[in-house]
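S.K.: everything below, folded, please.
(chains A and B)
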Amino acid sequence: MNPLKTTWHHIRRSPFQSLIATIVMILSFFFISTFAIINSGLSSVLSYFETKPEITLFLKDGLDKPTVENIQKELSSYSGIKEITFISKEKALTIYKEQNKDNPLLTEMVTASILPASFEITVSEPQILEEIYQNYSTKTNVIDEIIYQKDIIKSLLDWTSATRKIGIAIVLIISLISFLTIITIIGMKITNRKDEIKTSRLLGASNFYVKKPFLIEGVIYGLVGSILGFFFSFIFVLISQKSINSFFQPVVFIDINTNFYILLLVAEIFIGTVLGFTASWIGVKRYIKY
Amino acid sequence: MKIVFDKVNKNFGIVNALKNISFEIDQGEFVFLIGNSGAGKSTILKLILNQLKPTSGKILLGDIDLSQGNKEDVNQTRRKIGVVFQDYQLIVDKTIEENIALILDIVNYPKEKIQSRIDQVIKEVNLGTRRFLFPSQLAGGELQRAALARALAIEPEVILADEPTGNLDPENSWNLVKLLKEINQKNNTTIIMTTHNNDIIESMGKKVIKLNEGEII
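M.R.: Numbering: from 1, shown residues only, chains lettered A, B, ... in the order given. Below you'll find the model as predicted:
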């Protein structure tokens, strides 16, 4: 008798237990997939800000050319400056249009005159950022606003780290629950079929022969759970991609990168198979003692 | 496969179920194990099947010493023994045909021959269309024949039949015993049968091992 046929027979004979095991596995992998996608999005947000200049000085409107050149000269005199880029109003408009090219409503009414010119500064010695910030925050006659990227990155790093820790904890707890659920359900199925197992053993069945269908059953729960969990998570991502990306603009939080998703699916199938097999193996070891 | 019991004792706590039992059964013999309830008949069958371990003494099945044998030896030995359990022990959620297919699979019977072997034994025990039914849908005599069909399917060297006529009417009892006799003569299969039915024992004229309170008398 084909062990797969016997496994299918076991699943059909206690469909609700099998359904619970499958649903718990699907939920686990739904959370795992979603967490992996959120994590990837957070990395995109971080890398976006990390590649941005470390401090940006927005200039007051109406400054004449010599004043602007003076500011640039003064900035250049700081030791430890890596790069200073002047963004004119026209360039700012080009950047703004590029960032909002998918949303014509946001670009229609905007002209170069309403956007501020700015200096984007990157440094090789981070300690001078504070000095620049302190110096220019008092020059309100020429400086309109200062964006000090260090704060943003630090706060982003804190948020990302907290989100990752919470995410990992949730994934671990859910995986543990699904692991224990499979052990329990396989144990219940073994108990339900203990007479059959006992008879098979008396007829000469080896230990592995009676265990095999239960091990396959665990692997099936892992496989089905990982594939469907991934599938539902992917559907969820596809549906919410537009609104999430628009919230995080200009960062592309959810990027449908085929390689990433294939890799995620393969990894989840592997984890699901190992999880299902290990849980059923423990269940079988614990409950089949005759 | 020769079966040898050499000074076998079996205790269940303070109860001595078997006391210093010794006997030999040659391949192809038909042996009745008789005695009152609790005399030790079923214990002997369970010891042969290695369902129980002897407290002391030696049990040989062919070349294998069951008291020393490893798990694989035990499995291999069991695959040469057809058993008709007192309570049938058919698997309730499998049809009769599936029950027979299961044991053929356990003994690694060639896959392509399984269906024809099932057809053959079903015909031999005259179960016909009952093969597609579940044990709960069969009457006592049919269940007994189904259990026998399962035991016969593997072409065993030994058949252990524990009170196979216990739940049958006289006619079905005789039919079953005739069938066992036929198998014994045709295939040289060793048959060890426990029974309380004196008519059957007397009319068959076969070897009898009589037990009383765990001793051979």
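S.K.: which part of chain A gets nearest to chain B, residue-wise?
M.R.: A:G204 (3.6 Å; C-beta to the nearest C-beta). Quick note: C-beta positions are derived from backbone N, CA and C, even for glycine.
S.K.: my read: that residue touches B:G82, true?
M.R.: No. In this structure A:G204 lies outside contact range of B:G82 using C-beta atoms under 8 Å: 10.2 Å.
S.K.: which of those two has more residues huddled nearby?
M.R.: B:G82 (26 against 22; other C-beta atoms under 10 Å in any protein chain shown).
S.K.: identify the residues contacting the more buried one.
M.R.: For B:G82, the contacting residues are B:R150, B:A151, B:L152, B:A153, B:I154, B:P156, B:V158, B:I159, B:L160, B:T189, by C-beta atoms under 8 Å, 6 or more residues apart in numbering or on different chains.
S.K.: quick one: the helices in the chain?
M.R.: Because you didn't say which chain, this covers chain A. A:3-13, A:15-50, A:65-76, A:89-99, A:104-108, A:127-137, A:149-192, A:194-202, A:207-248, A:258-287 (DSSP state H).
S.K.: you answered for a different chain; I wanted chain B.
M.R.: Under DSSP H, chain B gives helices at B:41-48, B:71-78, B:96-106, B:114-124, B:140-153, B:170-187, B:198-204.
S.K.: mean neighbour count, distance to chain A and mean pLDDT for the ones you listed - can I get that in TSV?
M.R.: Listed next are these as TSV, based on neighbours: other C-beta atoms under 10 Å in any protein chain shown; distance: least, C-beta to the nearest C-beta, whole Å; pLDDT from 0 to 100:
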stretch	mean neighbour count	distance to chain A	mean pLDDT
helix B:41-48	23	9	92
helix B:71-78	17	4	86
helix B:96-106	23	4	93
helix B:114-124	16	9	92
helix B:140-153	24	8	90
helix B:170-187	16	18	87
helix B:198-204	14	25	86
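S.K.: so which of the ones you listed comes closest to A:I114?
M.R.: Closest of these to A:I114 is helix B:96-106, at 80.8 Å (criterion: C-beta to C-beta).
S.K.: hmm, who's touching that closest one?
M.R.: By C-beta under 8 Å, 6+ apart, helix B:96-106 touches A:1, A:200, A:203-205, A:209, B:79, B:90-91, B:94, B:114, B:117-118, B:121-122, B:127, B:130-135, B:138, B:146, B:149-150, B:153-154.
S.K.: what's in contact with stretch B:41-59?
M.R.: With contacts defined as C-beta under 8 Å, 6+ apart, stretch B:41-59 is touched by A:202, B:3-11, B:17-18, B:20-22, B:33-35, B:61, B:65-67, B:69, B:74, B:77-78, B:81, B:83, B:86, B:158, B:160, B:162, B:192, B:194, B:211, B:214.
S.K.: I should have written stretch B:163-183 there, sorry.
M.R.: By C-beta under 8 Å, 6+ apart, the surrounding residues in contact with stretch B:163-183 are B:30, B:84, B:86, B:124-125, B:140-141, B:143-145, B:147-148, B:152, B:159, B:161, B:189, B:191, B:193-197, B:200, B:204.
S.K.: same deal with stretch B:121-136?
M.R.: Stretch B:121-136 is contacted by residues B:88, B:90-97, B:99-100, B:118, B:138, B:142-143, B:145-146, B:148-149, B:152-153, B:179 when judged by C-beta under 8 Å, 6+ apart.
S.K.: contacting residues around A:S33?
M.R.: With contacts defined as C-beta under 8 Å, 6+ apart, A:S33 is in contact with A:G229, A:F230, A:S233, A:F234, A:L264, A:E268.
S.K.: surely A:K97 and A:M109 touch.
M.R.: No. Under the criterion of C-beta under 8 Å, A:K97 is not in contact with A:M109, lying 12.0 Å apart.
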